[in-house]
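>>> need a structure here:
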Amino acid sequence: MSGFRVGLYYGFGSEVKTVIQNQCRFTRFSANMHVVLANMLKDKDWIDNVYMATNQKRLRECYQFVSSKLTLAGIPFLETTCGLFLYADFRKVKLSHNSKEIPDIQKIKLISIR
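Numbers count the residues shown, from 1 in each chain. Here you go, the predicted structure:
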């Protein structure tokens, strides 16, 4: 399934649901992908015991990695307990326009290349 990207919303927030429904027309996926996704979602045991556990573990590890780097760099961010996004305040990071100098933001090295 590499290359297929599908987002799902499962929740009760009517405001969030409305926003997602308004954006759906820009993010349609194929009927074939719909069938594959429907079959995956039927396997509740896999979702509960494999997918959700693995996904939550990976999100937690990524959050801990990025938040520790931001803390070390002195960049403030909003702490969160769930979600895929981390909101950081980069306004105080000095960006150099001189090509001989490395901007402060590059010194942070948030991305780990494997």
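>>> Which neighbouring elements make contact with the helix ranked longest in the chain?
Using DSSP state H, we find that the single longest helix of the chain is helix 52-73. On a contact count with 3 or more Cβ pairs under 8 Å, 6 or more residues apart in numbering; DSSP states H and E, helix 52-73 meets helix 104-108. (Glycine included, C-beta is placed from N, CA and C.)
>>> Let me see the contact set for the nearest residue to Ile20 once chain neighbours are set aside.
Leaving out its chain neighbours, the residue that sits closest to Ile20 by Cβ to Cβ, 6 or more residues apart in numbering is Tyr9, at 5.1 Å. For Tyr9, the contact set (Cβ atoms under 8 Å, 6 or more residues apart in numbering) comprises Val16, Lys17, Ile20.
>>> Tell me how far Tyr9 lies from Val35.
As defined by Cβ to Cβ, to the nearest Å, Tyr9 lies at a distance of 20 Å from Val35.
>>> do Leu41 as well
11 Å.
>>> Who has more neighbours out of the two?
The neighbour comparison of Leu41 against Val35 (other Cβ atoms under 10 Å) goes to Leu41, with 13 against 10.
>>> In three-state terms, label the residue most central in space within the chain for me.
Nearest to the geometric centre of the chain sits Leu84, at 3.4 Å (Cα atoms, centre = their mean). Secondary structure, DSSP: H, G, I helix; E, B strand; the rest coil: Leu84 is coil.
>>> isn't it right up against Arg60?
No. In this structure Leu84 lies outside contact range of Arg60 using Cβ atoms under 8 Å: 11.7 Å.
>>> Now for those two: what residues contact both?
Contacts common to Leu84 and Arg60, judged by Cβ under 8 Å, 6+ apart, are absent.
>>> Give me the neighbour count for Phe90.
When neighbours are defined as other Cβ under 10 Å, Phe90 has 14 of them.
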